[in-house]
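Engineer: Show me how the following folds:
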Amino acid sequence: MFEEEPELIPAKWIEIYHYCPRIIYYMAVLGARERETAYMREGRMEEEGEEEKEKRRKTLLAKRKEKVLEKWTNIKLYSQKLGIVGTIDMIVKTEEGLKIVDIKNTAQKRLLPGYLYQTTAYALLAQEHFKKPVKNIIIYHTKIDKIFEIKLTDQIKEHTIWTINRIKNIIEKAKLPKTKRKRQCKGCGYYHMCKGL
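Structural biologist: Below is the predicted model:
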C-alpha cells in the first residue's frame, strides 16, 4: 500500500525524530540513506527471531500470564488521516482488549521517548484499522529482557501527533532543524554530513 501512498510518513521516523530531527531532513528532503552496519543487521535479525518465537506462544512474551486470544504479527497499516504508515511487530487481543507490542533489540535500561511515541503511533494506526481502542502498549527490550507496559493517555497521543506534524513541517519547509544532541553525534550514520554545519 505504501507504494501507492508516497506522501505517508513511516512511523519509524517518529523514533528517529526524537533521536535527532536533522536525520529526518537528510532522509526526507535530501534523500540520503544511512548504510546498514553489522550492529543494525544483528538487531534486525534478533527482532525477527523474537517475533518468530512469539508467533507460537499462547501467552504474551512468555513472561506474563496474560492469555492471548488473537494475534497479528508484522501487520502493515496506514492512515490518510494521520499521514503515516507502519509495520507493527505485533497486535494482540487479550481479555483487556487490544495491545500493541513493539520489540526493540536494545540494552537500554530506560524507555526512550522515541520508542514510546513510535509505538503510540502504531496504536493509533491499529485503533483506526480495527475500530477498537488500544489502551496499553508494550515495548520489549530484548537484550536485557525488560518489558515496559504503558497506559496510553491523551497527553501521550497528543505528543505523538505533535511529532508527526513536526516531521511534516521539516519536509514541507525543507529547512535543516537545529539539534541539541552532541554526545550521540559521532555514533550517527549522518555525522559526516552534519559535522560541518
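
Engineer: alpha carbons only for contacts and neighbour counts from here, please
Structural biologist: Fine.

Engineer: Can you pull out the residues in contact with stretch 9-27?
Structural biologist: The contact list for stretch 9-27 (C-alpha atoms under 8 Å, 6 or more residues apart in numbering) reads 32-33, 83-86, 113-115, 117-118, 121-122, 160, 163-164, 167-168, 170-171, 174-179, 181, 190.

Engineer: got the CA positions of it in CSV?
Structural biologist: In CSV, the C-alpha atoms belonging to stretch 9-27 read as follows (Å, rounded to 0.1, in the frame of the first residue of the first chain):
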residue,chain,number,x,y,z
ILE,A,9,5.4,9.2,6.7
PRO,A,10,6.9,6.0,8.1
ALA,A,11,6.1,5.6,11.8
LYS,A,12,9.7,4.6,12.3
TRP,A,13,10.6,8.3,11.6
ILE,A,14,8.9,9.3,14.9
GLU,A,15,11.6,7.4,16.8
ILE,A,16,14.3,8.9,14.6
TYR,A,17,12.9,12.4,15.1
HIS,A,18,13.3,12.0,18.9
TYR,A,19,16.8,10.8,18.4
CYS,A,20,17.7,13.8,16.1
PRO,A,21,15.3,15.8,13.9
ARG,A,22,18.1,16.5,11.4
ILE,A,23,18.1,12.9,10.3
ILE,A,24,14.5,13.4,9.0
TYR,A,25,15.8,16.3,6.9
TYR,A,26,18.7,14.2,5.5
MET,A,27,16.3,11.3,4.6
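
Engineer: Would you mark the buried spots in that stretch?
Structural biologist: By neighbour count on 16 or more other C-alpha atoms under 10 Å, the buried set for stretch 9-27 is 9-26.

Engineer: What about the residues you listed, which are in strands?
Structural biologist: Among these, the residues falling in strands (DSSP state E) are 9-10.

Engineer: Which members of the buried residues of stretch 9-27 occur in helices, if any?
Structural biologist: The members of the buried residues of stretch 9-27 that map onto helices under DSSP state H are 12-19, 21-24.

Engineer: Which of those residues lies at the shortest distance from Lys195?
Structural biologist: Nearest to Lys195 among these: Arg22, at 11.6 Å, using C-alpha to C-alpha.

Engineer: And that closest one, how far from Lys186?
Structural biologist: Relative to Lys186, Arg22 is positioned 14 Å away (C-alpha to C-alpha, to the nearest Å).

Engineer: that older thread, in JSON lines, list the ones in helices among the buried residues of stretch 9-27 along with distance to Cys194.
Structural biologist: Below are those laid out as JSON lines (distance: C-alpha to C-alpha, whole Å):
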{"residue": "Lys12", "distance to Cys194": "21"}
{"residue": "Trp13", "distance to Cys194": "18"}
{"residue": "Ile14", "distance to Cys194": "20"}
{"residue": "Glu15", "distance to Cys194": "19"}
{"residue": "Ile16", "distance to Cys194": "15"}
{"residue": "Tyr17", "distance to Cys194": "15"}
{"residue": "His18", "distance to Cys194": "17"}
{"residue": "Tyr19", "distance to Cys194": "14"}
{"residue": "Pro21", "distance to Cys194": "12"}
{"residue": "Arg22", "distance to Cys194": "8"}
{"residue": "Ile23", "distance to Cys194": "9"}
{"residue": "Ile24", "distance to Cys194": "12"}
